[in-house]
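Colleague: Output the structure for:
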Amino acid sequence: MTSLYFEDLAERYSAELDDLRSDSENRNVLNKRLQDKRRSFESLLPMIEDAPEMVVAALHGAFTFTDRKLLDQASRSTPGLGRFPRWAELEKTLTIQAWAQPLIKQCLKQADGDAFVVSAAVLEWMTTENIRRADTPDLVDDEGDDDTADLAEAGEGWMAEQGFDTPER
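Modeller: From the prediction side, this is the model:
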């Protein structure tokens, strides 16, 4: 199970990679777009805090993983809380592509760079291993009810309160 922090971030990261993957003519342009991100990496750094998934994409493919236990532990935590590892600890368990070393060094100079680089490695591991399970069993609808009609009625009620006509069915 992953923390809510990683569940949310993994979903946004996956969407970012999907956006980068193909152009308007549905051609696979992922490698070209990743190279573009890497070349403009310095200009992406201010987004570490607000849109980390956009910056992490530049590190896509940078890591090879050897200690899944530490990555699993990290994926269950949140930066600043619990047992979130430091980069120095996690780095020892990774093989890092040479092209990524300068990018990581730039990240580590940022205020939250250590946690960001750990998060980047964890996201890459989660993507590689296809891990996306939140620690939120209470949020799962076990009843299998189709709430579509209820949502439609609630939406229509809200629209009527705002002064809009309700649709005729």
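Colleague: Could you check how many residues crowd around Ile104?
Modeller: Neighbour count of Ile104, defined by other Cβ atoms under 10 Å: 20. In short, each C-beta sits where N, CA and C put it, glycine included.
Colleague: Look up how far Pro79 lies from it.
Modeller: To Pro79, Ile104 is 16 Å away according to Cβ to Cβ, to the nearest Å.
Colleague: again with Tyr13
Modeller: Distance from Tyr13 to Pro79, by Cβ to Cβ: 15 Å.
Colleague: do Thr2 as well
Modeller: For Thr2 relative to Pro79 (Cβ to Cβ), the value is 14 Å.
Colleague: quick one, which of these two is more surrounded?
Modeller: Set Thr2 next to Pro79 and count neighbours by other Cβ under 10 Å: Thr2 wins out with 22 against 16.
Colleague: and Thr95, helix, strand or coil?
Modeller: strand (DSSP: H, G, I helix; E, B strand; the rest coil).
Colleague: where does the protein have low pLDDT?
Modeller: Counting by pLDDT under 70, the chain contains low-confidence ranges at 131-169.
Colleague: ok, which stretches of it are helices?
Modeller: Using DSSP state H, the helices of the chain run over 4-21, 30-39, 41-44, 52-56, 68-75, 87-91, 101-108, 113-129, 148-161.
Colleague: which helices and strands sit right next to the shortest one?
Modeller: Right, helix 41-44. In terms of contact count using 3 or more Cβ pairs under 8 Å, 6 or more residues apart in numbering; DSSP states H and E, helix 41-44 is assigned the packing partners helix 52-56, helix 101-108.
Colleague: In a markdown table: these, plus distance to Thr64.
Modeller: Output for those, formatted as a markdown table (distance: least, Cβ to Cβ, whole Å):
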| stretch | distance to Thr64 |
| --- | --- |
| helix 52-56 | 16 |
| helix 101-108 | 14 |
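Colleague: Deepest-packed of the ones you listed, please.
Modeller: Of those, the one with the most neighbours on average (mean count of other Cβ atoms under 10 Å) is helix 52-56, at a mean of 22.
Colleague: What are the contacting residues of that one?
Modeller: Outside helix 52-56, the residues that touch it by Cβ atoms under 8 Å, 6 or more residues apart in numbering are 9, 12-13, 15-16, 41, 44-45, 47-48, 107, 116, 119-120, 123-124.
Colleague: most neighbours, which of those?
Modeller: Neighbour counts for the contacts of helix 52-56 (other Cβ under 10 Å) peak at Ala120, which has 28 neighbours.
Colleague: Relative to Pro52, how far out is it?
Modeller: Noted for Ala120: a distance of 8 Å to Pro52, by Cβ to Cβ.
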